[in-house]
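Chemist: Quick one: sequence plus predicted model below, questions after.
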Amino acid sequence: MPPLHPILAFEFVNLPMLGWLGAAAAPVLIHLWARRRYRTMVWAAMEYLLAALRRTRRWMTLEQLLLLLVRTLIVVLLVLAVAEPRLVTGPFASAPGQRTHRLIVLDGSYSMAYKPVGASRFEEARQTAAQIVRESSEGDGFTLVLMGDPPRIVVGTPAFESTSFLRELDALDQPHTTADVAKTLAAVEQVLQSARREAPRLTREEVYFLTDLGRVGWSLDRLDAAARADFHQRALRLAETAALVVLDLGQAGADNTAITALGSSEPFATPGQTFEVHAELKQFGSAGRQQVPVELLVDGRRTERRSVDLEPGGSASVALPCRFDSPGDHVVEVRTEGDRLEVDNHRWLSVPVKPALRVLCIDGRMSGDPQRGAGAYLAAALAPRGDEGGRALVRPEVRPESALMEVDLAPYDCVFLANVAQFTADEARILDGYLRQGGSLVFLLGDQVLAERYNQELGGEGSGRARLLPCRLGPILGPQERLDPLGYRHPIVRVFQGYQRAGLVTTYVQKYFKLTVPENSKADVVLAMANGDPFLVEEPIHRGRVFLLATAADTSWTWLPVWPSFVPIVQEILAYAVAGQIRQRNVLVGEPLGETFAVPVGEMAFTLRKPGGRTEDARVRADGPSSAWSYAETVESGVYTAEFGAPVLRTEAFAVNVDPAESDLATITPEELRDEVWPGVSFTLQTTWQHAGSGEPAGAVSRPSELAKTLLYAVLVLLVVETYLARRFGHHAP
């Protein structure tokens, strides 16, 4: 760090007072004028007196000069005191009268909630920011950017009134986001460019980063080569126009215990049945912990308590069973305690509990034999006889193709469409709305299917048509005697691993449609033919999920419906499909909440209750043939509850959890900051943590000095000295 040199500066409005320094010449002029008042005359009687004076002439001259100096200093010091000088110290010392734009970047990542002693790092950063503002000069402007992912511009237009800026700073809550230095730097550049247009009188720019230098937010490892090059160019541009300082509030070697994951292997829950949740705990840092308490709360009531041991850098899993007595949305919370970062000691899971899963099976060709049609095979697989004591109650309903335009799909958790010949544009719109609502579709093909009509109406090939299929239907191909589970990597087929007798891989397929998955698609091939052709493909579309089976659900094209593997694979498809309903209710901080209603409910107000009990009014708005709402300000972790009035009349709970990556409190080193993050960028790195409360300036900024008072005291002293000297030297009138 370069040495700090103090500079004497003055307020811009006080600079004209320095013009009175010209008055310091008055004593000199008076002295010179006094010498010209007298006319030299030769007088014999004075010759004797002059001879005596010559002996003391040198001493008298010194007396006059000393008195003249004291009187001149009185005038100079009085003018300087009235001009109120300030002491400016450090690399950001600006020229007298220069106005500065100070942009403060406050790290909003939740690692800043860490409390080493007393106040959190975020509170320390906020206090330091307030100190910088209070110690700045009159006429300086201030802006504020909250560093996060994404960053937030809190004060974008320079504030010249420090009180208004400090009010914004005091009202700023600690968010629970992660940090992103690349996105934040782009926001900083945006604010500076705007300020240059709106406040051209601010001729100097200073940017302060108040941060713990967490590795998650400051590392560039997540950026590709192009994004990293763009970041470096932006940093170099910024350093050319602004003075940069990083105020490091972090603490190396900080330990932290966090709940990094909470979920369930059960895809859905029903009343009265055991629903097991799994929590993952991790110990970050070099210290381990023994007997770490883990508590399970269901709807706010503690139902289980366990303890685990955590090795340094190690993790542990805890399985916790719970039950729900009634249908509706329930909230499960797992929490621990005992460290200095409270934010990640909680994790929530919103679980929609239903009395039963309703499944609609559309049979495109209702068989004369109710036991041999595709719908019948599906219904038997979804709810096998004797499975009343199973993990869930599934209620399948078999309907003909015409039911698509007759029934409301909203109450159904999943819709199976077997051997439907084609779909009209209206039917496609209904299915599209169902996916937007969060439902799932399973297409099973057959001899009635018209591939081109599928591609046209459901494949998004026509103008204005939505894409509802994960892949394109091609020609019908010949027999295959085996299936390829592709290493059992997909959850749907993972249950078959090690059970070759279940018959999955030996399934005989006489006919099937050749499926083509588009390039760069999110579609995933679950099962394939032995020749590599996709057999079962799934893809998330809108808020739901779509599955496509290349063959029929009856015995006309394959022996699969009578194979032992048919029941488990149909049930696994259903489980994977409806599991998305739980995923939709559980998001990370910064991700939006929302919902789409399959039928239009019009403009409707509802109440969104946020963590801590605060409420906010929101609206459901019409979105074409449906209605939807969305809420993006999920900057705080916890439970958000949407309370709907008529005509919806229901309450829905959403769990918002922190990104566990930020729980690792490791920081980047000064060398990494200089060599990897900002190579070639001029900046100053300061550590303020150890003296944040000492009253010293947090950064090298201008600060008020006691010079004005000192100068006035000096004037009083000099007045006394001048009176004494004048009397002592005999130059004071009697």
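Modeler: Okay, I see it.
Chemist: how far away is the nearest residue to Asp149 once chain neighbours are set aside from Ser219?
Modeler: With sequence-adjacent residues excluded and distances taken as Cβ to Cβ, 6 or more residues apart in numbering, Asp149 is closest to Asp180, at 4.0 Å. C-betas here are computed from N, CA, C, even on glycine. Distance of Asp180 to Ser219, given as Cβ to Cβ, to the nearest Å: 10 Å.
Chemist: Just the pLDDT for the residue nearest to Asp149.
Modeler: With respect to pLDDT, Asp180 has a value of 94.
Chemist: ok, it touching Val145?
Modeler: No: assessed by Cβ atoms under 8 Å, Asp180 is found out of contact with Val145, at 12.0 Å.
Chemist: Please name every helix or strand in contact with the helix ranked longest in the chain.
Modeler: With secondary structure taken from DSSP state H, the chain has its longest helix at helix 57-82. Counting contacts by 3 or more Cβ pairs under 8 Å, 6 or more residues apart in numbering; DSSP states H and E, helix 57-82 packs against helix 26-36, helix 707-729.
Chemist: okay, now Val717: neighbour count?
Modeler: Close neighbours of Val717, defined as other Cβ atoms under 10 Å, add up to 12.
Chemist: Where does pLDDT dip in this structure?
Modeler: 1-60, 83-97, 367-371, 386-392, 462-463, 598-602, 624-625, 688-707, 730-734 (pLDDT under 70).
Chemist: Could you tell me how far the closest residue to Arg289 other than its chain neighbours is located from Asp659?
Modeler: Among residues not flanking Arg289 along the chain, Leu310 sits closest, at 4.8 Å (Cβ to Cβ, 6+ apart). Applying Cβ to Cβ, the value for Leu310 to Asp659 is 20 Å.
Chemist: At which residues are the strands of the stretch 201-350 of the chain located?
Modeler: Using DSSP state E, counting those that start in this stretch, the strands of the stretch 201-350 of the chain run over 204-211, 243-248, 256-264, 274-284, 289-298, 301-310, 315-323, 328-335, 346-353.
Chemist: need the contact list for Gln581.
Modeler: Applying Cβ atoms under 8 Å, 6 or more residues apart in numbering to Gln581 gives the contacts Phe268, Pro352, Asp413, Gly438.
Chemist: Likewise for Ala130?
Modeler: For Ala130, the contact set (Cβ under 8 Å, 6+ apart) comprises Leu166, Leu169, Asp170.
Chemist: what about Pro647, neighbour count?
Modeler: 10.
Chemist: Actually, Ala225.
Modeler: Neighbours of Ala225 using other Cβ under 10 Å come to 7.
Chemist: Filter the contacts of Ala130 down to just the buried residues.
Modeler: Among these, the ones that count as buried by 16 or more other Cβ atoms under 10 Å are Leu166, Leu169.
Chemist: Is it possible to get the contacts of Ala130 out as TSV so that each row also shows distance to Lys514 and secondary structure?
Modeler: Shown next, in TSV, are these (distance: Cβ to Cβ, whole Å; DSSP: H, G, I helix; E, B strand; the rest coil):
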residue	distance to Lys514	secondary structure
Leu166	68	helix
Leu169	63	helix
Asp170	65	helix
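Chemist: Tell me the one among the contacts of Ala130 nearest to Ser194.
Modeler: Nearest to Ser194 out of those is Leu169 (Cβ to Cβ; 19.5 Å).
Chemist: Hmm, Leu144 and that closest one touching each other?
Modeler: Yes: counting by Cβ under 8 Å, Leu169 touches Leu144, with 6.7 Å between them.
Chemist: joint contacts of the two?
Modeler: Contacts common to Leu169 and Leu144, judged by Cβ under 8 Å, 6+ apart, are Ala129.
Chemist: re earlier: and the residue nearest to Arg289, what is it in contact with?
Modeler: Thr257, Leu281, Lys282, Gln283, Gly288, Arg289, Gln290, Val292, Ala316 are the contacts of Leu310 under Cβ under 8 Å, 6+ apart.
Chemist: Please indicate which of the residues you listed are buried?
Modeler: Thr257, Leu281, Lys282, Gln283, Arg289, Val292, Ala316.
Chemist: what's the closest of these to Asp329?
Modeler: Leu281 (25.8 Å).
Chemist: who's that closest one bridged to?
Modeler: On the basis of DSSP bridges, Leu281 is bridged to Ile259, Ala316.
Chemist: Let me see the ranges of the strands in the stretch 51-200 of the chain.
Modeler: Per DSSP E, counting those that start in this stretch, the stretch 51-200 of the chain carries strands over the ranges 85-88, 100-107, 141-147, 152-159.
Chemist: ok, how many other residues are close to Val420?
Modeler: Neighbours around Val420, by other Cβ under 10 Å: 23.
Chemist: any idea how far it is from Glu406?
Modeler: Distance from Val420 to Glu406, by Cβ to Cβ: 14 Å.
Chemist: Quick check: the residue lying closest to Ser219 once chain neighbours are set aside vs Ala287, distance?
Modeler: Spatial nearest neighbour of Ser219, excluding adjacent residues (Cβ to Cβ, 6+ apart): Ile668 at 6.4 Å. Separation of Ile668 from Ala287 (Cβ to Cβ) stands at 21 Å.
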